[in-house]
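Visitor: Pasting the sequence and the predicted model now:
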Amino acid sequence: MTNLPAQKRSQRSWLIYLTFLVAVGPLSTDLYLPALPALPAMTMALSASVTEVQTTLSIFMIGFAGSQLIAGPLSDRFGRKPIIISGLLLYLAASVVCWMAPNIQILIAGRFVQALGACAGPVLGRAIVRDLYEPEDSLRILAAMGTAMAMAPALAPIIGGWLLQVFGWRSGFAAMVVFGVLLSATTLFTLSETNAFRGQTPLNPLGILKNFSLLLKNRAFRGYSGVMALTFGGLFCFVSGSSFVVIDVLHVAPANFGYAFACMVAGLASGSAVVGRLSRIYRAAEIIGIGIAITLTATLLMTVLAWCGVETLWAVLAPTAVFALGTGIMMPTCMASSIGPFPRLAGSASSLAGFAQGVLGASSGWIVGALHDGTTRGLATTMLSFAVVAALIYVTQIRRTYA
């Protein structure tokens, strides 16, 4: 531990708070996923098309990705706490707008603003980990956070499905309002400032670009953040396309969609649970190699089954769970390895890595939507493509230098 606040607050307390803080993003997408497959109530109430409803997810990812480039540098300059509080208050206000939206245009705009505030949680949560812990300890903390945070995408679609069934599609946004109130209050009254280097980084655009350039010139940052972004993109293929495939193609009831979604989360949690032990045996580059092998195997199997016409629930969910296992192994390892060398620029490093994740996540949603042909082939092929490119970056940027 490197900062005084960590000495005053237990590691378990930090872990619980940071897990909820980082979970703002997943909750904001997963909580209303069961409402996305063109439910008549939603489309009729807002006079919206299926494409417009899907845009509420994609626009969130765009706003979430772009705003990270601002939140990280701001926190390096002014500190983590004021930026987190500002972001959460913006998120809370936008959640109210989404809840009350009278038409699809207002909902789309609200989702975009909601994303601008939501990004502060994940970006600065990861930066706080680097503020408090050395790189070797950061991996174990991020892995533990990943295990705990896996409950968010496991529970959110289940809760969202039941809220949808009982109270209608707006209830998911009402739940986000409640979450925003609780997290804002907790942050305001309990969070201590952790950035020991605040005020030492430039805030002008040229200074920010210079810091981003410094990060991108670093081979480790490029390799680890690139693999992380592509792996996240592959996972988000399932997040964005699963509701259409599982509900429309495989005919699972919306209220039960969350249980199918939980298979992916189980893989994520399992991967995050074992990565701490792997870190005691293998180096970071070797751990990522294990994850790459797992994701490639899983997506190749899924694609073969899809193109052979095997369209069953387990032909999709089993390979996805294995893919998520590999992702759970790689994500905390890549994040700790990409941010670790830059303690003074932890916010900027976290924001740039998160931006790459968001861009790939939004792109994957559009690709899956464009390739969706009423079968499972589009989803499987897109996930395989992301896994292959991630493997190429691993071989060229990480393995040759660090393995």
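Guide: Good, I have the coordinates.
Visitor: From now on I want contacts and neighbour counts done on CA atoms only, so please keep to that.
Guide: Fine.
Visitor: does residue 276 really touch residue 143, like I thought?
Guide: Yes: with contact defined as CA atoms under 8 Å, residue 276 reaches residue 143; the gap is 6.4 Å.
Visitor: which of those two has more neighbours?
Guide: Ranked by neighbour count (other CA atoms under 10 Å), residue 276 and residue 143 place residue 143 first, with 28 against 20.
Visitor: excluding its backbone neighbours, what's nearest the more buried one?
Guide: Nearest non-adjacent residue to residue 143, counting by CA to CA, 6 or more residues apart in numbering: residue 272, 4.9 Å away.
Visitor: just the CA coordinates of the helix or strand containing that neighbour, formatted as CSV?
Guide: Assigned by DSSP states H and E, residue 272 belongs to helix 257-278. Extracted in CSV, the C-alpha atoms of helix 257-278 (Å, rounded to 0.1, in the frame of the first residue of the first chain):
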residue,chain,number,x,y,z
PHE,A,257,-33.0,-14.3,-20.1
GLY,A,258,-31.0,-13.4,-17.1
TYR,A,259,-30.4,-17.0,-16.2
ALA,A,260,-28.9,-17.7,-19.6
PHE,A,261,-26.8,-14.6,-19.3
ALA,A,262,-25.5,-15.9,-16.0
CYS,A,263,-23.5,-18.6,-17.8
MET,A,264,-21.3,-15.9,-19.2
VAL,A,265,-20.9,-14.3,-15.8
ALA,A,266,-20.0,-17.6,-14.2
GLY,A,267,-17.1,-17.9,-16.6
LEU,A,268,-16.0,-14.4,-15.8
ALA,A,269,-16.2,-15.0,-12.1
SER,A,270,-14.2,-18.3,-12.4
GLY,A,271,-11.5,-16.6,-14.5
SER,A,272,-11.2,-13.7,-12.0
ALA,A,273,-11.1,-16.2,-9.1
VAL,A,274,-8.1,-18.2,-10.5
VAL,A,275,-6.0,-15.3,-11.9
GLY,A,276,-4.7,-14.4,-8.4
ARG,A,277,-3.3,-17.9,-8.0
LEU,A,278,-1.9,-17.9,-11.5
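Visitor: And that helix, what's buried?
Guide: With burial defined by 16 or more other CA atoms under 10 Å, the residues of helix 257-278 counted as buried are 257-276.
Visitor: list the buried ones in the helix or strand following that helix?
Guide: Per DSSP H and E, the first helix or strand lying C-terminal to helix 257-278 is helix 284-307. Going by neighbour count (16+ other CA under 10 Å), the buried part of helix 284-307 is 284-289, 291-292, 294-303, 305-306.
Visitor: by contact count, what packs against helix 284-307?
Guide: The contact analysis (3 or more CA pairs under 8 Å, 6 or more residues apart in numbering; DSSP states H and E) places helix 284-307 against helix 313-339, helix 377-393.
Visitor: Just say which of those is most tucked in.
Guide: helix 313-339 (a mean of 25; mean count of other CA atoms under 10 Å).
Visitor: if you average pLDDT over that helix, what comes out?
Guide: Averaging pLDDT along helix 313-339 gives 91.
Visitor: and that helix, how far from the chain's centre?
Guide: The chain centre lies 12 Å from the centre of helix 313-339; the measure is CA atoms, centre = their mean, to the nearest Å.
Visitor: Just the element for the residue lying closest to residue 92 once chain neighbours are set aside, please.
Guide: Nearest residue to residue 92 in three dimensions, chain neighbours excluded: residue 180, at 5.2 Å (CA to CA, 6+ apart). For residue 180, the element it lies in under DSSP H and E is helix 171-190.
Visitor: Same question for residue 196.
Guide: Here residue 196 is covered by no helix or strand, with elements defined by DSSP H and E.
Visitor: per-residue pLDDT, it?
Guide: 81.
Visitor: Count the residues that sit near it.
Guide: 16.
Visitor: Would you confirm that it contacts residue 131?
Guide: Yes: Residue 196 lies in contact with residue 131 (CA under 8 Å); the separation is 7.5 Å.
Visitor: C-alpha coordinates for the helix or strand just after the helix holding residue 180, PDB please?
Guide: Later in the chain than helix 171-190, the nearest helix or strand by DSSP H and E is helix 205-216. Extracted in PDB, the C-alpha atoms of helix 205-216 (Å, rounded to 0.1, in the frame of the first residue of the first chain):
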ATOM      1  CA  PRO A 205      -5.200  19.900 -24.400                       C
ATOM      2  CA  LEU A 206      -1.600  19.800 -25.600                       C
ATOM      3  CA  GLY A 207      -0.500  18.400 -22.300                       C
ATOM      4  CA  ILE A 208      -3.200  15.800 -22.200                       C
ATOM      5  CA  LEU A 209      -2.300  14.700 -25.800                       C
ATOM      6  CA  LYS A 210       1.300  14.600 -24.800                       C
ATOM      7  CA  ASN A 211       0.500  12.200 -22.000                       C
ATOM      8  CA  PHE A 212      -1.600  10.000 -24.200                       C
ATOM      9  CA  SER A 213       1.200  10.000 -26.800                       C
ATOM     10  CA  LEU A 214       3.600   8.900 -24.000                       C
ATOM     11  CA  LEU A 215       1.400   6.000 -23.100                       C
ATOM     12  CA  LEU A 216       0.800   4.900 -26.700                       C
END
